[in-house]
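>>> any chance you could fold what I've pasted below:
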Amino acid sequence: MNTLTPQQLAQRIARDIPEGAYVNLGIGMPTRIANYLPADREIFLHSENGILGMGPAPAPGEDDPELINAGKQPVTLLAGGCYFHHGDSFTMMRGGHLDICVLGAYQVSARGDLANWSTGEPSSIPAVGGAMDLAIGAKKVFVMTEHLTKSGVCKIVETCTYPLTGMACIDRIYTDMAVMDITEQGVVVRELFGDITADYLRSVTPVTLTFALFNDDATA
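This next block holds a predicted model:
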């Protein structure tokens with residue numbers, strides 16, 4: 001099936017970040033969003049290691065080894081940006097000062113529970129970082145992930161089987177196949193990507209889906 005690449009998905013999510021928003025981009029795939037934010041919008045990117053006003057990745061050869069994001073990737077600092085102690089950064093996260101955070105996921109349940117720090121396997125390395133703080137502290141929490149694992153297992157599940165990061169904390173899921181909202185009525189599909197059809201998405205997603213598409217490219 002034809003789905004979005006991580007770069008295309010980052011571009012799609014970037015379009016939904018509104019003017020004036022304070023946003024945290026989680027480690028991994030979400031950091032790509034910084035490279036696609038519209039230049040005509042003033043958006044304040046926060047990194048949990050202590051940056052506000054973070055910019056996109058630097059041009060090749062212009063890395064500053066002392067200016068990195070929480071994933072240890074080189075970043076830039078926009079005019080007016082600043083950096084500070086990570087204790088102050090976590091105060092921002094826990095104090096409800098972030099409008100949006102975008103996190104990766106191992107699993108998301110139909111009620112919006114998030115599991116993204118451990119698979120629970122004995123060999124896995126626990127790495128929760130600030131994800132728990134972000135999941136409950138941000139006003140809106142988005143997930144950016146592949147719809148299926150490499151072995152073809154769907155990451156959208158009825159009930160998470162991995163250790164939870166947060167309960168009922170996810171508002172919207174962006175996968176390489178679709179955009180889905182978590183609502184009181186369940187999982188609502190807003191957009192399909194590539195040649196993904198409603199029937200195909202239902203066939204690979206083990207939860208009840210309701211379709212309220214932004215476009216008319218598929219039938220419910």
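>>> poorly predicted segments of this structure, please.
126, 214-220 (pLDDT under 70).
>>> and the most far-flung residue of it relative to its centre, how far from Pro74?
Most distant from the centre of the chain: Gly61, at 28.1 Å, with distances by C-alpha atoms, centre = their mean. With the distance defined as C-beta to C-beta, to the nearest Å, Gly61 ends up 11 Å from Pro74. Yep, even glycine has a C-beta here, placed from its N, CA and C like the rest.
>>> mind listing the strands for the protein?
22-25, 44-47, 51-54, 77-83, 100-103, 107-109, 114-115, 140-145, 156-157, 172-175, 178-183, 186-192, 209-211 (DSSP state E).
>>> a markdown table for those strands, including mean neighbour count and distance to Met92?
Output for those, formatted as a markdown table (neighbours: other C-beta atoms under 10 Å; distance: least, C-beta to C-beta, whole Å):
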| stretch | mean neighbour count | distance to Met92 |
| --- | --- | --- |
| strand 22-25 | 25 | 8 |
| strand 44-47 | 23 | 7 |
| strand 51-54 | 21 | 8 |
| strand 77-83 | 13 | 12 |
| strand 100-103 | 26 | 11 |
| strand 107-109 | 24 | 24 |
| strand 114-115 | 26 | 20 |
| strand 140-145 | 24 | 15 |
| strand 156-157 | 22 | 30 |
| strand 172-175 | 24 | 22 |
| strand 178-183 | 21 | 24 |
| strand 186-192 | 19 | 29 |
| strand 209-211 | 16 | 35 |
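>>> distance to Glu121 added to those strands, as TSV?
Formatted as TSV, the strands of the chain follow (distance: least, C-beta to C-beta, whole Å):
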stretch	distance to Glu121
strand 22-25	26
strand 44-47	28
strand 51-54	32
strand 77-83	35
strand 100-103	20
strand 107-109	13
strand 114-115	13
strand 140-145	18
strand 156-157	17
strand 172-175	23
strand 178-183	26
strand 186-192	27
strand 209-211	29
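>>> run through the residues that contact Ala127.
Neighbour list for Ala127: Trp117, Ser118 [criterion: C-beta atoms under 8 Å, 6 or more residues apart in numbering].
>>> cutoff 7 Å now
Trp117 (C-beta atoms under 7 Å, 6 or more residues apart in numbering).
>>> identify the residues contacting Val189.
Ala178, Met180, Leu201, Leu209, Thr210, Phe211, Leu213.
>>> look up the closest residue to it, ignoring the ones flanking it.
Phe211 (4.8 Å; C-beta to C-beta, 6 or more residues apart in numbering).
>>> now Asp176
Here the residue nearest Asp176, using C-beta to C-beta, 6+ apart, is Thr3, at 4.0 Å.
>>> hang on, isn't the one you found packed against Phe193?
Yes: between Thr3 and Phe193 there is a contact under C-beta atoms under 7 Å: 5.9 Å.
>>> tell me, what's touching the two both at once?
What both Thr3 and Phe193 touch, as defined by C-beta under 7 Å, 6+ apart, is the set Asp176, Met177.
>>> neighbour count for those two, which is higher?
Neighbour count, other C-beta atoms under 10 Å: between Thr3 and Phe193, Phe193 has more, with 21 against 18.
>>> if I pick that one, what's in contact with it?
Applying C-beta under 7 Å, 6+ apart to Phe193 gives the contacts Thr3, Leu4, Asp176, Met177, Ala178.
>>> go on, Thr205?
Cys154, Ile156.
>>> can you check Thr149 too?
Neighbours of Thr149 in contact, by C-beta under 7 Å, 6+ apart: Lys155.
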